[in-house]
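# could you look at this predicted model? Sequence included:
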Amino acid sequence: MYIRDGKVLSMKNINWHQFLIHIILICFTTQTVQSQCDWIYSDANNDGYSIDDNGQITLFYCENIVDTIWAPTGYIDAVWEYETNSGEECQDWDWIGNNFFLSIDSNEPCLEGLSEVSVTFTGYISEDENILPDICVFNIEFYNTPDPNIELDGYNTKEQIIICEQNLVTLTANGLGAAYGPNTMIQWYLNNDLIPGENDISLDLANTNYNVNAQNVFYFTVSNYCTMLNDSAEESDWLTITIYEGYDQCEPCKWEPFTQNEWIEGDGVGTTYNQQFPSFTPNDDGQNDYFPEKPVNEENRNFEGTENHPTCEATIYQITIYNRIGREIWKSKENNDPWNGKNKNGKECKEGTYYYKMEYILHPMLEGINNTTNLPHQATIISTGSLYLGR
C-alpha cells in the first residue's frame, strides 16, 4: 500500500510514473546536497579534514580546541544531531540572528569523552513541508597528544624483562591519543633501527630480527593530527627485553639430553654412547638440512662479553662422520661447522645410516659444575651415536 495525504491507496491506484520521479528526485537531491556541503570545512586548514572516495567529510580536532561551524545564511531553522558513546541523542540549534552554528568543544558534556562522532545537519529553507530541507552528514574525530607506552600482559614494563626464545611475546602500542585508525601512524623500532613494515598496533617479536642471549631495546613512535600540528612524532618509553635460549623455564637444551647415569667421567671428559638423533634431510628445504641443525637468528648470536647468558646455543662443537664400516668421510673444519650431508670431496652422500662423534663444550663461558653431567661447564664432552640421512 502507499499513503498520500493521510489516505491509504492500493497498489493499483498508485501513479507509478510520478512515484518513480519522486524517488529519483530524493536520491538526486541527497547526492547534490552532500556535494554542496563544502562550507563545513571551508575554514579548516588543509590538514584539518579529509574527504574519502564516497564524499564523506571528516573534520579533525586536537585536544582543548574550541571551534564554531557556521551554516550558510538563508535558513529559517537548522538543527545538528549526533549520538554520544553511550547512545544518547544530542541536538544543537544555536543561532545568532539568522545565522545558525555548531559549537565544537571536546569538553562540552555531549562531546566529552568522544573520540569520533557522526553529525547530521538539517537546514530548513521554507515552512512548506513539500520543500525538502538541506541535509549534510559529516564526521568529527577528536585527538589528544599521544602519551605512548608499551603494554605487555603479565609483565612490568617499567623494568627490564627476561624471556626465553621459545616463549616469545607480542607487544602492544598504547597511549596513542585517539582510537587506532588510518589517521594514526605507528612505527616500531628495535635497537634504534626501524623495523620495516611494522606499523600495526601490535608487534610480534617472532617477526623481528632480535638478538639472542643479549638485550633488545624496543620502542615505537606515533603521530596523529595533534603531533602533525607540531610537525613531530611522539616516542614511547624504551622497553628492554633480554631473550635467552634455554634459560630458566625454557625447554631443555638439545645438547643436554642425558642423565647423570649415562656418563663415564675421567680427566674432565664425559662420554655418552649410541645417542640416536632424528634423521636429517639435506635438501635445502629449510628443515633438518644440517646435523646438528643450525640455530635460529644465527647471524645475531653473540656470546662475547659478560652480559650474555651462556646457554646451550653457546656450545662449541666439532663433529666427525663415519660410514657403516667405520671410515671417516667428513669432519668439521672449524668450530660449530655442521654436516651438510656431503663427504670430504663435496659429493652428496647416499641415503642411509651414518655414525658420528661429537666433541663439544656445553657452556664455554660458565664457571662451576653442570648439574646434569656433574662435570665442569667448560669440560670437553664426547658424544657418539648414529643418525639416518634421508633424501
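Yep, that arrived.
# for the rest of this, base every contact and every neighbour count on C-alpha atoms.
Will do.
# what's the end-to-end length of stretch 333-346?
End-to-end distance for stretch 333-346: 13 Å, by CA to CA, to the nearest Å.
# buried stuff in it?
N336, D337, P338, W339, N340, G341, N343 (16 or more other CA atoms under 10 Å).
# cool, and stretch 319-329?
I319, T320, I321, Y322, N323.
# is it true that the third one touches E359?
No - the pair I321 and E359 does not pass the contact test of CA atoms under 8 Å, sitting 11.8 Å apart.
# shared neighbours, those two?
By CA atoms under 8 Å, 6 or more residues apart in numbering, I321 and E359 have no common neighbours.
# the residue nearest to F280 when sequence neighbours are not counted in helix, strand or coil?
With CA to CA, 6 or more residues apart in numbering as the criterion, F280 has its nearest non-adjacent residue at 4.9 Å, and that residue is N288. Assigned by DSSP: H, G, I helix; E, B strand; the rest coil, the conformation of N288 is coil.
# next up, the contacts around N288.
S279, F280, T281, P282.
# check it and give its pLDDT.
pLDDT for N288: 79.
# flag the shaky bits of this protein, pLDDT-wise.
1-35, 85, 213, 245-278, 294-315, 362-367, 370-373 (pLDDT under 70).
# what about the helices in it?
16-35, 225-229 (DSSP state H).
# take the last one, keep the C-alpha atoms, and write them as PDB.
In other words, helix 225-229. Listed next in PDB are the C-alpha coordinates belonging to helix 225-229 (Å, rounded to 0.1, in the frame of the first residue of the first chain):
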ATOM      1  CA  TYR A 225      46.600  15.100  14.000                       C
ATOM      2  CA  CYS A 226      47.900  16.700  17.200                       C
ATOM      3  CA  THR A 227      51.500  15.800  16.500                       C
ATOM      4  CA  MET A 228      51.200  16.900  12.900                       C
ATOM      5  CA  LEU A 229      50.400  20.400  14.100                       C
END
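# who are the packing partners of it?
strand 57-62 (3 or more CA pairs under 8 Å, 6 or more residues apart in numbering; DSSP states H and E).
# residues contacting the strand it packs on, please?
Residues from elsewhere that reach strand 57-62 (CA under 8 Å, 6+ apart): 41, 48-51, 137-145, 225-226.
# who's in contact with the residue nearest to L176 when sequence neighbours are not counted?
Leaving aside its chain neighbours, L176 sits nearest to P146 (4.8 Å; criterion: CA to CA, 6+ apart). By CA under 8 Å, 6+ apart, P146 lies in contact with G175, L176, G177, A178, V222, S223, N224, T227, E234.
# if we use 10 Å, what do you get?
174-178, 221-224, 226-227, 233-236 (CA atoms under 10 Å, 6 or more residues apart in numbering).
# again with I186
Counted by CA under 10 Å, 6+ apart, I186 has contacts 173, 176, 180, 198-202, 220-224, 233-235.
# just G87 next, same as before
Taking CA under 10 Å, 6+ apart as the test, G87 contacts no residue whatsoever.
# one step back: of all the contacts of strand 57-62, which two lie farthest apart?
V137 and T145 (26.9 Å; CA to CA).
# the chain - how does it break down into domains?
36-143, 149-244, 260-389 (automatic domain parsing).
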